[in-house]
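Novice: Below are the sequence and a predicted model; questions follow.
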Amino acid sequence: MKLLHLTAALGLLYSVSFCQQQQDSNTNGSPTNHTYETKQTADSDGPTLEGNSRDTSYRKGLELPKAIGSTPIIRHEGYQLQYSEKHEQAFWVAYHLTQEETVKKFNRTDNFIPDPMVSTGSATSSDYANSGYDRGHLAPAADMGWSELAMKESFYYSNMSPQEPGFNRGIWKKLEEQVRAWAVHYNAVYVVTGPVLTDGLVKMGGNGVSIPKYYYKVILDYQGENSKAIGFLMPNAYSAAGLEPFAVSVDQVEKETGIDFFPLLDDQLENTLEKDVCLSCWSWKPLKVPSSVSNSGGSNDNAVAAQCKGITKAGAQCKRKTTEPDGYCYQHKP
């Protein structure tokens with residue numbers, strides 16, 4: 001058991017404990033130590049630092065961690081992932097998010113479906129039914145509103161993980177919003193996110209979906225020598241704290257997950273970016289971006305976000321912000 005100490009910039013001290021992760025080496029779920037080989041997908045010669053039509057500053061494959069064993073990398077429109085059959089969720093989900101992509105053009109589908117590209121079969125709705133856990137997005141739906149297909153695929157169960165409602169709708173959502181703010185502020189960011197998967201996790205559902213105790217995100221703002229990176233490790237539980245207490249170095253996330261992030265960076269730059277966490281290097285201002293016209297129904301041009309009119313099960317007014325004309329967020333629509 002390893003102890004992780006998260007120290008807040010304001011003097012708050014948090015201590016959380018992790019087990020050393022034992023990763024699957026293949027889709028039959030057998031564990032392995034942390035010796036990985038890069039897996040190339042069938043439609044690619046492998047990740048290279050070359051241009052991409054989505055954004056001229058994009059460095060192809062830079063967001064991808066070093067692949068875990070022989071598990072294939074699955075490519076979707078807006079993100080890529082490696083799936084753990086043993087835990088019935090992704091080891092990691094990675095994507096590049098630009099400033100332009102933070103402007104929503106398509107609404108949520110809320111149509112959760114199995115991922116047809118997971119050859120062994122992903123989790124299903126029955127695994128989450130009556131579990132008390134949210135189907136928590138790894139790559140957020142709000143980051144995929146730039147494409148109808150990307151939005152649809154963000155609801156694949158390969159992109160879901162069981163999250164405590166207070167966590168998913170609270171501090172995790174806050175972190176997702178902060179990442180979008182960084183995409184706007186720095187023009188683009190590279191994001192890798194996922195659960196901390198360890199042996200001995202409690203499972204739920206007929207397919208045996210593991211319930212993670214912790215989640216992580218690592219974010220890279222790639223600007224050559226002026227690049228910066230930051231990591232986050234968060235317990236799967238409600239928290240009223242800010243984001244800073246959960247910020248850690250990328251090296252710390254690597255230590256707790258056994259995953260090698262941003263391996264395409266120059267080794268010297270990678271070592272420099274990943275060894276420390278610099279809170280003051282990042283802007284912590286909230287995101288303020290007007291929504292675009294929605295091609296899946298209605299227009300939200302220049303709409304001002306207001307608190308949802310919906311009432312939670314606890315009897316309190318929903319804290320989500322919405323620009324929908326009826327004043328309700330997606331969860332509380334009549």
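Specialist: Sure, I can see it. Numbering: from 1, shown residues only.
Novice: switch to C-alpha atoms for all contacts and neighbour counts from now on
Specialist: Noted.
Novice: how about the helices in this protein?
Specialist: Counting by DSSP state H, the chain has helices at residues 125-128, 148-153, 165-166, 172-185, 250-257, 267-275.
Novice: Quick check: which of the ones you listed is nearest to Ala241?
Specialist: helix 172-185 (10.5 Å; CA to CA).
Novice: What helices and strands are in contact with that closest one?
Specialist: strand 89-98, strand 188-195 (3 or more CA pairs under 8 Å, 6 or more residues apart in numbering; DSSP states H and E).
Novice: That one: which residues count as buried?
Specialist: For helix 172-185, burial by neighbour count (16 or more other CA atoms under 10 Å) applies to 172-173, 175-185.
Novice: rewinding a little: tabulate the helices and strands packed on helix 172-185 in CSV, adding columns for mean neighbour count, distance to Lys104 and mean pLDDT.
Specialist: Converted to CSV, those look like this (neighbours: other CA atoms under 10 Å; distance: least, CA to CA, whole Å; pLDDT from 0 to 100):
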stretch, mean neighbour count, distance to Lys104, mean pLDDT
strand 89-98, 25, 12, 98
strand 188-195, 25, 16, 98
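Novice: Just name the shakiest helix or strand of the protein by mean pLDDT.
Specialist: When the helices and strands of the chain are compared on mean pLDDT, DSSP states H and E, strand 31-32 comes out lowest with a mean of 33.
Novice: Now do the domain split for the chain, please.
Specialist: Annotated domains of the chain cover 2-290, 304-334 [automatic domain parsing].
Novice: Buried deepest among the ones you listed, which one?
Specialist: Highest mean neighbour count of the domains of the chain: domain 2-290, a mean of 19 (counted as mean count of other CA atoms under 10 Å).
Novice: Could you find the closest non-adjacent residue to His137?
Specialist: Met160 (4.8 Å; CA to CA, 6 or more residues apart in numbering).
Novice: Identify the residues contacting stretch 145-158?
Specialist: 76-79, 83, 88-90, 100-115, 118, 122-124, 137, 139-141, 144 (CA atoms under 8 Å, 6 or more residues apart in numbering).
Novice: for that stretch, what is the average pLDDT?
Specialist: The average pLDDT for stretch 145-158 rounds to 98.
Novice: next one: that stretch to chain centre, how far?
Specialist: Its chain's C-alpha centre and that of stretch 145-158 lie 13 Å apart, by CA atoms, centre = their mean, to the nearest Å.
Novice: gap between the two ends of it?
Specialist: 18 Å (CA to CA, to the nearest Å).
Novice: cool, and stretch 119-127?
Specialist: So stretch 119-127: terminal residues 18 Å apart, CA to CA.
Novice: Contacts for it next, please.
Specialist: Under the contact criterion CA under 8 Å, 6+ apart, stretch 119-127 has outside partners 27, 85, 88-89, 112-116, 157-158, 204-209.
Novice: So which of the residues you listed belong to strands?
Specialist: Among the contacts of stretch 119-127, the members found in strands (DSSP state E) are 89, 204, 209.
Novice: quick one: which of the residues you listed is nearest Lys313?
Specialist: Nearest to Lys313 among the ones in strands among the contacts of stretch 119-127, with distances taken as CA to CA, is Met204, at 23.2 Å.
Novice: I figured that closest one hits Pro212, correct?
Specialist: No. Counting by CA atoms under 8 Å, Met204 stays clear of Pro212, with 11.1 Å between them.
Novice: which non-adjacent residue is nearest Tyr95?
Specialist: Closest to Tyr95 by CA to CA, 6+ apart is Tyr79, at 4.7 Å.
Novice: Who are the contact partners of the residue nearest to His137?
Specialist: Met160 makes contacts with 89-90, 135-138, as judged by CA under 8 Å, 6+ apart.
Novice: In those residues, find the pair that's most separated.
Specialist: Pairwise distances across those peak at 13.0 Å for Ala90 and Arg135 (criterion: CA to CA).
Novice: Output the below-cut-off pLDDT ranges for the stretch 151-300 of the chain.
Specialist: For the stretch 151-300 of the chain, the stretches with pLDDT under 70 are 287-300.
Novice: The same query, at a cut-off of 80, please.
Specialist: Residue ranges of the stretch 151-300 of the chain with pLDDT under 80: 286-300.
Novice: Surely Ser84 is in contact with Ala90?
Specialist: Yes. Counting by CA under 8 Å, Ser84 does reach Ala90; the two are 5.5 Å apart.
Novice: coming back round to it: any chance of the helices and strands packed on helix 172-185 in TSV, with distance to Arg320 too?
Specialist: Output for the helices and strands packed on helix 172-185, formatted as TSV (distance: least, CA to CA, whole Å):
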stretch	distance to Arg320
strand 89-98	22
strand 188-195	23
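Novice: So for Gly242, which of those sits nearest?
Specialist: Among those, strand 188-195 comes nearest to Gly242, with 18.7 Å by CA to CA.
Novice: Distance from the chain centre to the closest one, please.
Specialist: So, by CA atoms, centre = their mean, the centroid of strand 188-195 is 6 Å from its chain's centroid.
Novice: Taking helix 172-185 as reference, get the angle to it.
Specialist: Interaxial angle, strand 188-195 versus helix 172-185 (axes from the mean of the first three to the mean of the last three CA atoms, to 10 degrees): 160 degrees.
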